[in-house]
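A.B. asks: below: sequence and its predicted model.
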Amino acid sequence: MTAPSPVVELRGVSKRFGGTQALDTVDLELHPAEVHAFVGENGAGKSTLGKIIAGLYAVDAGELLADGQPAGRWDPIHAQRAGIAMIAQELSLVPQLTVAQNVFLGIESSVGGVLRRDLRRRFLALSEQAGFDLDPDVPVGELRIAQQQKVEILRALARDARVIVMDEPTSSLTAHETAQLHDLIRGLREQGRTVVYVSHFLDAVLEVSDRITILRDGVKVRTAPVAQETKQTMVAGMLGRELSVTFPPRPASTPNETPPLLELDMVSTASGISDVSLIVKPGEIVGLLGLVGSGRSEIAHAIAGADRITAGSLRLEGREPADWSVRRAIDAGIVMVPESRHDQGLILQRSVRENISLAFLDRVSRFGVISRRRERSRAQELADALEMRPRRVELEIAGLSGGNQQKALLGKWLLGEPRLVILDEPTRGVDIGAKATIYHLIADLAARGVAVVLISSEHEEVLNLATRAYTVIDGTVRDEVDPSRLEVSDLLTQLFETDTKPGALA
Ligand SMILES: Nc1ncnc2c1ncn2[C@@H]1O[C@H](COP(=O)(O)OP(=O)(O)O)[C@@H](O)[C@H]1O
Ligand SMILES: [Mg+2]
């Protein structure tokens, strides 16, 4: 079977605007009866490519073929004759004219004031085909953008366009209108038409397209069938690098009336933090946002009982425990997964099972004797939950990848069913796959009601996972911030602008 001959083909097309190479030797084929998406970052050249197809821009180099024939002169008139229409980002309607007048503008002579009967009939037929409910007699200037876009679509249909380029058609549509548009697009494809669909909404692209062309800086990265792409592969192609992993949905914030599990009230320690106040509630992921050396880890140490509190108070469920220590913290269900798995967390020459069991021997032992079978089964459960690869708990830790070592380290603490987990740089040095697992694990912990204190130098992680966060500057908590409303750049501005004393805690 031979491939269908393309309705439009571009060969080595380049386009420059002043100093900008908007398109660089792009090859492209548009097939009949396909929805063909263009994706790429802003400025990648999507609109330019669409406009070249529609004859709105002339090419600097390369050629364009329509139905297998060199197109020769190519301008909007010739493109329209070849059955190509574009619904541009900047709509091109005449606001003073009515909906129907705009739809038939240029293809029906002297529309005049009153819509001719046959045109009205054609208008209604087109509207029905598209599933639109537009009043033909309203001036277009009075319509919302989404409605105006429908007028543009009708206009393309009125010209019986075989190729319709839609440049970001959904950017001003509601979810319902977008779904309607997608139905319409599928209908157009069924009629054998080609739809070029430019969109930033990658889920929509995956839903509606047959093939996807990825552009980056004016260069075509690839054209591939939709089945070969995912959001990740598209983003990787658009950015030219691997996507920093996707984050799980942020847990719901804890109700105001929920009492804190842990409170620090003007806490100071010998390690240099002073007057630190914060609260942590069950089910919260509380981020500590600060630069390296700001005191984030030292606050964690105070919570975990590792550093002695010299002033202020720590309260657990409203009560101040006497002699706060690591032992007491662990007894209270507070554990800290330290930053460095090599020197603090794991015994590299022991197995995954042994490492996981180590911290909570009492949970796997009965009558003081370690039940090997119980230990094995609990360790295996955790290894499974953590998606450790390979899932063989008898392997030596030393032989695992960094990401899997980190998972074993987490497993070791999670076996104890903690109430509060402090994670200091939980993803440092682990690969993307392991990062994603760890993110989900953190979200799962919170969903189970465990409180999490999260420290990460990849601020993006805290901003995407935390339900609340504190900025930590110069050894103290400066502000409470809403991580969902903060960009990394704003955060860094806050952290850097404040007059820090470098190395105050070094
Ligand atoms: N009419 C124009 N004049 C000057 N530069 C333009 C023009 N159209 C596009 N460009 C430039 O060409 C590049 C590609 O733009 P465009 O095709 O609009 O990208 P996209 O639609 O992918 O966001 C950008 O750098 C843009 O600034
Ligand atoms: Mg554009």
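C.D. replies: Perfect, thanks for sending it. Ligands and ions are numbered 1, 2, ... in the order given.

A.B. asks: C-alpha only now, for contacts and for neighbours.
C.D. replies: Fine.

A.B. asks: quick one: buried residues of stretch 204-222?
C.D. replies: Neighbour counts over stretch 204-222 (16 or more other Cα atoms under 10 Å) mark 204-206, 208-221 as buried.

A.B. asks: and for stretch 322-330?
C.D. replies: So for stretch 322-330, counting by 16+ other Cα under 10 Å, buried means Trp324, Ser325, Val326, Ala329, Ile330.

A.B. asks: check stretch 225-237 too.
C.D. replies: Counting neighbours by 16+ other Cα under 10 Å, the buried set in stretch 225-237 is Val226, Glu229, Thr233, Met234, Val235, Gly237.

A.B. asks: pull the contacting residues for Ala44.
C.D. replies: Contacts for Ala44 (Cα atoms under 8 Å, 6 or more residues apart in numbering) come out as Ala22, Leu215, Arg216, Asp217, Gly218, Val219.

A.B. asks: give me the distance between it and ligand 1.
C.D. replies: 4 Å (Cα to the nearest ligand atom, to the nearest Å).

A.B. asks: doesn't that residue lie inside a strand?
C.D. replies: No - looking at Ala44 with DSSP: H, G, I helix; E, B strand; the rest coil, it is coil, so not inside a strand.

A.B. asks: next, the buried residues of stretch 40-57.
C.D. replies: Quick answer for stretch 40-57 (16+ other Cα under 10 Å): 40-41, 44-57.

A.B. asks: okay if I get the buried residues of stretch 225-237 as JSON lines plus distance to ligand 1?
C.D. replies: Conversion of the buried residues of stretch 225-237 to JSON lines gives the following (distance: Cα to the nearest ligand atom, whole Å):
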{"residue": "Val226", "distance to ligand 1": "19"}
{"residue": "Glu229", "distance to ligand 1": "19"}
{"residue": "Thr233", "distance to ligand 1": "18"}
{"residue": "Met234", "distance to ligand 1": "14"}
{"residue": "Val235", "distance to ligand 1": "14"}
{"residue": "Gly237", "distance to ligand 1": "14"}
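
A.B. asks: contacts with ligand 1 among the contacts of Ala44, please.
C.D. replies: Ala22 (Cα under 6 Å from any ligand atom).

A.B. asks: looking at the contacts of Ala44, spot the one nearest ligand 1.
C.D. replies: Relative to ligand 1, the closest of the contacts of Ala44 is Ala22; by Cα to the nearest ligand atom it sits at 4.1 Å.

A.B. asks: and that closest one, which of the three is it?
C.D. replies: Ala22 - assigned by three-state DSSP - is strand.

A.B. asks: ok, Ser268 - contacts?
C.D. replies: So Ser268 contacts Ser274, Asp275, Val276, Ile309, Thr310, Ala311, Gly312 (Cα under 8 Å, 6+ apart).

A.B. asks: returning to that earlier point: and the buried residues of stretch 204-222, which of them are in strands?
C.D. replies: Arg211, Ile212, Thr213, Ile214, Leu215, Arg216, Val219, Lys220, Val221 (DSSP state E).

A.B. asks: pLDDT check: weakest of these?
C.D. replies: Lowest pLDDT of those: Arg216, 91.

A.B. asks: which non-adjacent residue is nearest that one?
C.D. replies: Leaving out its chain neighbours, the residue that sits closest to Arg216 by Cα to Cα, 6 or more residues apart in numbering is Ala44, at 4.9 Å.

A.B. asks: next: Gly55.
C.D. replies: Nearest to Gly55 is Asp75, by Cα to Cα, 6+ apart, at 4.1 Å.

A.B. asks: give me every residue that touches the most centrally placed residue in the chain.
C.D. replies: Nearest to the geometric centre of the chain sits Thr246, at 5.6 Å (Cα atoms, centre = their mean). Contacts for Thr246 were tallied using Cα under 8 Å, 6+ apart; they are Ala436.

A.B. asks: mind saving the C-alpha coords of the helix or strand encompassing Glu381 as CSV?
C.D. replies: In the assignment (DSSP states H and E), Glu381 maps to helix 372-385. The C-alpha trace of helix 372-385 is given here as CSV (Å, rounded to 0.1, in the frame of the first residue of the first chain):
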residue,chain,number,x,y,z
ARG,A,372,13.1,-13.8,59.4
ARG,A,373,10.0,-14.6,57.5
ARG,A,374,8.1,-11.6,58.8
GLU,A,375,11.1,-9.4,58.2
ARG,A,376,11.3,-10.7,54.6
SER,A,377,7.6,-10.1,53.9
ARG,A,378,7.6,-6.6,55.4
ALA,A,379,10.7,-5.7,53.5
GLN,A,380,9.3,-7.1,50.3
GLU,A,381,6.1,-5.2,50.8
LEU,A,382,8.0,-2.0,51.1
ALA,A,383,10.3,-2.8,48.2
ASP,A,384,7.2,-3.3,46.1
ALA,A,385,5.6,-0.1,47.3
